[in-house]
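[1] Requesting a structural model of the entry that follows:
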Amino acid sequence: FLISSKILKSQMTRFRPAAVAALLQLLLPPNAIHSFGYGKPGFIAKSAVTTFLSSSSSSSSPIHHRPKTATSTCLSSASVVDIPTEPIPGMRPGTSGLRKKVEVWQGKDDEKNKHYVENFIQSLLDVAKKNNGDEMLDTVVVAGDGRYFNAEAMQIIFRVLAANGVSNIWVPQHGIMSTPAVSAVIRDLDGGVAQGGIVLTASHNPGGPGEDFGIKYNEGYGQPAGEEFTEALYQRSLELESFKTLEGMEDEVDLGAKPGTMFALTSTSTVKILDPFGCYLESLKSCFDFEKLTQFCQREGFSVLFDGMHGAGGPFARRVLVDELGLPESSLMRCDPRPDFGKCHPDPNLTYAADLVKKMGLKADGSADTDATTTSLPTLGAANDGDGDRNLIAGAGFFVTPSDSLALICDNWEAIPHFAKAGGPKGVARSMPSSAALDVVAKARDIPCFSTPTGWKFFGNLMSSKEMFDKRDYTPFLCGEESFGTGSDHIREKDGLWAVLAWMSILMNKNEGVKEGEPLVSVRDIVNNHWSKYGRHFYCRYDYEGVDSGNADKFVDLIRDTYIDKDVSAVPTSPSGIKLVGGEEFSYTDPVDGSQTSNQGLILNFEYPSGDPARVVYRLSGTGSSGATIRMYLECFEKDASKHDQSAPAALETLAARALELVKMEEITGRKAPTV
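    So this is what the prediction gives:
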């Protein structure tokens, strides 16, 4: 009985609910099942399983998982109250959560929004409860990227969670945790008992007064909530009449308290302060050989420069790169989280990571700065975004596009223990706007490859095909998207630091035969060899931010009405010889659960005089907080190795000019040039 309990405790989130219920019914008499308060035959909620395992395992403390060294503080004799409210329009989450200007969340912009946070969290909890067999969640993680209003919003959320009956509220020390680390905690801490995570982030968007704030939800396997959940949340927000919260609290939760400290909000609800790093660090160690990487980091001529952009990923970079791998503190820049990200835009691209780009010997377009001395530059440069899930990768005088980075990691899987011990990835995927560089490698290496809509949640089903749906197992799994996101199945989010360690592992592998004192194989060498083998997919993205929403809709309508699934034979070939050959709109049928997603991007396909294919993708981004962001993705394939040294913007210049002309970008939006 105890052995079975321990097995279930460590593996219960990997079982399908019916299997868990069946096994417990074998172990326990029927009246024991009812004693947990879940009387439906054949069904037992995850919270009931957690209660059972916590109370029956000799190695675990009851329900709240109180460590022996933890201190517990009762904040007050607060009472639960129901506060009347009215629906607030516009709470439909986008690609990754709901993002608005921070003043909207604070209720400063409109008196009707004074309970904006409470309304959103109550709507979220109502949907989560319904999805949990009408039982309130037992354990929820609450964490944020440290942006302006992070701490204040957390205190509001704690009160709403406690009033709704959430027993265990886990929050990292200082309230700051990277998004990938949140996913790791949900999946792994205490055997994976957490049933969800509320993440306070607007990702790569700016923070501070007048800037952006956001909240997203991750479900029980650590994955971003799917469209079914977010749409149900939105519909619930339109009919909400009241929310629950606590009144009479004399103090707030001390987010700076030591890990293990517990705060009792009610007689049944407790906030526990977590070590932010533990679960995530163990997750990374399961993927990479930290001992060998530590040795490689001491090698003469090898150096790293990591830009945390004052986001949540900075402390995690210090914990891994400096404390674990022994790199000097000088390897880090901007790794102290700040509410306004130090007035920077925490998006790791060539424009907003300009300081890092310059220090890596690069120009603003990603081409090499010929005035920089390559031998004095860091071997590897990298950057995170605000919540630590995105990454920029560069070598000395050499920028690696996200699409190339993904393809190279796939082709060098032998260098990464997570893949090598399984004989390679069992599946790979990219977002549709990403270049086809991954497809070419996957085909050559006989790995199933998928193209999905933009949004990490679409990779979640593929990663969890076996554990959630009992279908084909695609793990270990590798995936990435065009907006500087890369990751694997160790968690269910993209992971900026994982990508950095992957590149460090590849560099270590490529330099195994290089003797001390000899020049190291560089990032440039690795990428150039890859292009020689597979050809180069020139790739570039133009972002037009803050476009008037009405004009953005007109822009999309023009493309759809003129070129999508239309006869384009009458469209003249450009003077440069680039010919439009067709247009299509991307839609997706999920190969795991069969769900369908439409209107995911408009694609214009072109052909160069050489016969090489090219394409341009247009889509409206779902990650902005105001106006609209039009993204234009340009890609052309070049097999001639003598042309591979061009910068991507230069190689794509004529394609961009033709694409902008056809869709009347300036005429409709008034924009003469992209923002980024």
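[2] would you say V357 is within a helix?
    Yes. Assigned with DSSP: H, G, I helix; E, B strand; the rest coil, V357 falls within a helix.
[3] what's near enough to touch the nearest residue to it once chain neighbours are set aside?
    The shortest distance from V357 to any non-neighbouring residue, by C-beta to C-beta, 6 or more residues apart in numbering, is to L350 (5.6 Å). Placement of C-beta: from N, CA and C, glycine included. Each residue near L350 by C-beta atoms under 8 Å, 6 or more residues apart in numbering is listed here: V357, L362, A364, D365, G366, L392, F399.
[4] now, among these, which is nearest to G314?
    Among those, L392 lies closest to G314 (C-beta to C-beta), at 14.3 Å.
[5] Relative to G366, how far out is that closest one?
    In this view, L392 and G366 are 10 Å apart by C-beta to C-beta, to the nearest Å.
[6] higher neighbour count, the two?
    Neighbour totals were compared for L392 and G366, and L392 leads with 29 against 18 (other C-beta atoms under 10 Å).
[7] picking that back up, just flag the most distant two among the contacts of L350.
    Maximum distance among those (C-beta to C-beta): 14.1 Å, for D365 and L392.
[8] F458: neighbour count?
    If we define neighbours as other C-beta under 10 Å, then F458 has 26 of them.
[9] tell me the phi and psi of it?
    phi -70, psi -20 (degrees, to the nearest 10).
[10] Thought Y588 was touching it, still the case?
    Yes. Between F458 and Y588 there is a contact at 7.1 Å, judged by C-beta atoms under 8 Å.
[11] if I look at those two, which residues touch both of them?
    Counting by C-beta under 8 Å, 6+ apart, the contacts common to F458 and Y588 are T452, T597.
[12] My reading is that V581 lies in a strand. Confirm?
    Yes. Applying three-state DSSP, one finds V581 inside a strand.
[13] how close does it sit to M632?
    For V581, the distance to M632 - C-beta to C-beta - is 18 Å.
[14] So if I had to pick from these two, which one is more boxed in?
    M632 (20 against 15).
[15] burial count for D557?
    By other C-beta under 10 Å, neighbour count at D557 equals 11.
[16] On the secondary structure side, give me the element for it.
    helix 549-562 (DSSP states H and E).
[17] list the buried ones in that helix?
    Across helix 549-562, burial judged by 16 or more other C-beta atoms under 10 Å covers N551, A552, F555, V556, L558, I559, R560.
[18] Turn the residues you listed into a markdown table, columns for pLDDT.
    Supplementary listing: these in a markdown table, determined by pLDDT from 0 to 100:
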| residue | pLDDT |
| --- | --- |
| N551 | 94 |
| A552 | 94 |
| F555 | 96 |
| V556 | 96 |
| L558 | 96 |
| I559 | 97 |
| R560 | 96 |
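[19] Dump those to JSON lines, plus distance to C479.
    Shown next, in JSON lines, are the buried residues of helix 549-562 (distance: C-beta to C-beta, whole Å):
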{"residue": "N551", "distance to C479": "33"}
{"residue": "A552", "distance to C479": "28"}
{"residue": "F555", "distance to C479": "29"}
{"residue": "V556", "distance to C479": "27"}
{"residue": "L558", "distance to C479": "32"}
{"residue": "I559", "distance to C479": "28"}
{"residue": "R560", "distance to C479": "28"}
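[20] now, among those, which is nearest to G611?
    I559 (25.0 Å).
[21] any idea how far the closest one is from T629?
    I559 is 16 Å from T629, by C-beta to C-beta.
[22] Equivalent analysis for L274, please.
    34 Å.
[23] from what I can see R619 touches A628, true?
    No. If you go by C-beta under 8 Å, R619 and A628 don't touch, sitting 10.6 Å apart.
[24] shared neighbours of those two, which are they?
    With C-beta under 8 Å, 6+ apart, R619 and A628 have no common neighbours.
[25] Could you report the neighbour count for the residue nearest to Y534 when sequence neighbours are not counted?
    Distance criterion C-beta to C-beta, 6+ apart; nearest residue to Y534, sequence neighbours excluded, is V440 at 5.1 Å. For V440, the count of nearby residues is 19 (other C-beta under 10 Å).
[26] same deal with the one 4 residues further on?
    As a burial measure, the neighbour count of A444 was computed by other C-beta under 10 Å and equals 12.
[27] Quick check: closest non-adjacent residue to it.
    That would be Y534: by C-beta to C-beta, 6+ apart, it lies 7.3 Å from A444.
[28] got a list of what the one you found touches?
    A407, D411, A437, V440, V441, A444.
[29] cool, L380 as well?
    Taking C-beta under 8 Å, 6+ apart, one finds S303, V304, L305, I393, A394, G395, V500, W503, M504, L507, V523 in contact with L380.
[30] Show me which of the residues you listed is closest to L200.
    Nearest member of the contacts of L380 to L200, counting by C-beta to C-beta, is V500, at 24.1 Å.
[31] host element of that closest one?
    helix 496-510.
[32] Look at G455 and say how many residues are nearby.
    Residues near G455, counting by other C-beta under 10 Å: 21.
[33] do the same with S77
    10.
[34] Other residues contacting stretch 275-295?
    By C-beta under 8 Å, 6+ apart, stretch 275-295 touches 143, 172-174, 176-178, 180-181, 184-185, 187-189, 259, 315-316, 319-320, 324-326, 416-418, 488, 490-491, 497-498, 501-502, 504-505, 508.
[35] start to end distance for that stretch?
    Length of stretch 275-295, first residue to last, C-alpha to C-alpha, to the nearest Å: 27 Å.
[36] Give me the distance from it to the chain's centre.
    Relative to the centre of its chain, stretch 275-295 is centred 19 Å away, using C-alpha atoms, centre = their mean, to the nearest Å.
[37] Could you do stretch 173-181 as well?
    The answer for stretch 173-181 is 13 Å, by C-alpha atoms, centre = their mean.
[38] Tell me where the model's unsure across this protein.
    Residue ranges of the chain with pLDDT under 70: 1-70, 76, 622-626.
[39] Next one: the residue nearest to V357 from D275, what distance?
    In terms of C-beta to C-beta, L350 sits 35 Å off from D275.
[40] again with D411
    Using C-beta to C-beta, we find D411 at a distance of 36 Å from D275.
[41] Among those two, which residue is more densely surrounded?
    Using other C-beta under 10 Å, the more surrounded residue of D411 and D275 is D411, with 22 against 15.
[42] right, and K566 touches V581 too?
    No. Applying C-beta under 8 Å as the test, K566 and V581 come out as separate, 11.9 Å apart.
[43] What is the neighbour count of P378?
    Neighbours of P378 (other C-beta under 10 Å): 20.
[44] residue ranges of the helices in the stretch 451-600 of the chain, please?
    For the stretch 451-600 of the chain, the helices defined by DSSP state H, counting those that start in this stretch occupy 457-463, 465-469, 496-510, 523-534, 549-562.
[45] In JSON lines: those helices, plus distance to K244.
    Listed next are those as JSON lines, based on distance: least, C-beta to C-beta, whole Å:
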{"stretch": "helix 457-463", "distance to K244": "28"}
{"stretch": "helix 465-469", "distance to K244": "30"}
{"stretch": "helix 496-510", "distance to K244": "36"}
{"stretch": "helix 523-534", "distance to K244": "53"}
{"stretch": "helix 549-562", "distance to K244": "35"}
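[46] A657 is nearest to which of those helices?
    Distance to A657, taken as C-beta to C-beta, is lowest for helix 549-562 among the helices of the stretch 451-600 of the chain, at 16.6 Å.
[47] can you pull out the helices in the stretch 101-250 of the chain?
    According to DSSP H, counting those that start in this stretch, the helices that the stretch 101-250 of the chain contains are 102-106, 116-131, 150-163, 179-188, 227-237.
[48] can you list those helices in JSON lines and add distance to T73 and mean neighbour count?
    Below are the helices of the stretch 101-250 of the chain laid out as JSON lines (distance: least, C-beta to C-beta, whole Å; neighbours: other C-beta atoms under 10 Å):
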{"stretch": "helix 102-106", "distance to T73": "27", "mean neighbour count": "21"}
{"stretch": "helix 116-131", "distance to T73": "23", "mean neighbour count": "23"}
{"stretch": "helix 150-163", "distance to T73": "13", "mean neighbour count": "22"}
{"stretch": "helix 179-188", "distance to T73": "22", "mean neighbour count": "28"}
{"stretch": "helix 227-237", "distance to T73": "32", "mean neighbour count": "18"}
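[49] Thank you kindly, that will do.
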